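# Build the 3D model from these lines:
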Amino acid sequence: MNVLVVSAHPSEKSLHATLRNEVLKEISSAGHVIRHRDLYQESFNPVFTAYERTHHVGDLQQKLAQLPELKTYVDDLRWCNALVLVYPTWWSAQPAILKGWIDRVFMNEVAWVLPEGAARIKPLLTNVKRLIVVTTHGSPKYVNALQGEAGKRIALRSIRIMFHRRVRTTWIGVYGLDHADGRDREKIIGSVRRRVRRVMR
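Numbers count the residues shown, from 1 in each chain. Below is the predicted model:
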């Protein structure tokens, strides 16, 4: 399976970096082919420009000629059979750099089209049959539930509909991290490792 892993955290000393590395190890050990995009390391520009807004629906090749930095990210999405997102949840959702990646790369003629006369978009990323999210939360799960878990809705409702209609989704949420000690963190790492291993078999 071709697996695209997209990670987003600015610190290599974070628990997130450890979880990301464990995710990559488990996917590789299962024999899959991996492309990894570390958005911070690559200095991905998340700003959705005026040009992108005014040409939101338009010829893809013309857009990519104007935005050549997005071509490899578009190629990644079209290549993969599984998308794995690894990120911290900040302010109830994805970090701005990851949300900007979604805004800019899930564009018309890549992720979707709106056929003439239709009221509903047609998904184009039907090559993606598995979506996995590994994300950390500082607060307990009940706090996130009260806040509405916007990031979870973005991942499992909004971008999910761009994929194969039978896409399998897995949400691996780590909650209450602000109060976790060293022993808790070791348990978290082991739990995430086992869950990814089980999903990617």
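# what's the distance between the helix or strand bottoming out on mean pLDDT in the chain and the middle of its chain?
Scoring the helices and strands of the chain by mean pLDDT, DSSP states H and E places helix 141-147 at the bottom, with a mean of 77. Taking the mean of its C-alpha atoms, helix 141-147 sits 21 Å from the chain's own mean (C-alpha atoms, centre = their mean, to the nearest Å).
# What residues of it count as buried?
Counting neighbours by 16 or more other C-beta atoms under 10 Å, one finds that the buried residues in helix 141-147 are N144. (Glycine included, C-beta is placed from N, CA and C.)
# what packs against the helix or strand following that helix?
With elements assigned by DSSP states H and E, the helix or strand that comes after helix 141-147 is helix 150-153. Secondary-structure packing of helix 150-153 (3 or more C-beta pairs under 8 Å, 6 or more residues apart in numbering; DSSP states H and E): no helix or strand packs against it.
# The helix or strand that helix 150-153 is followed by: partners in the sheet, and parallel or antiparallel?
Sequence-wise, the next helix or strand downstream of helix 150-153 (DSSP H and E) is strand 168-174. Strand 168-174 has its sheet partners listed here by DSSP bridges as strand 130-136 (parallel).
# avg pLDDT for the strand it pairs with?
Average pLDDT, strand 130-136: 96.
# Output that strand as CSV - backbone C-alpha positions only.
What follows is strand 130-136 as a C-alpha-only set of coordinates in CSV (Å, rounded to 0.1, in the frame of the first residue of the first chain):
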residue,chain,number,x,y,z
ARG,A,130,-7.8,4.5,4.5
LEU,A,131,-7.6,7.6,6.7
ILE,A,132,-5.8,7.5,10.0
VAL,A,133,-5.5,10.4,12.4
VAL,A,134,-3.1,10.4,15.4
THR,A,135,-3.5,13.5,17.4
THR,A,136,-2.8,14.7,21.0
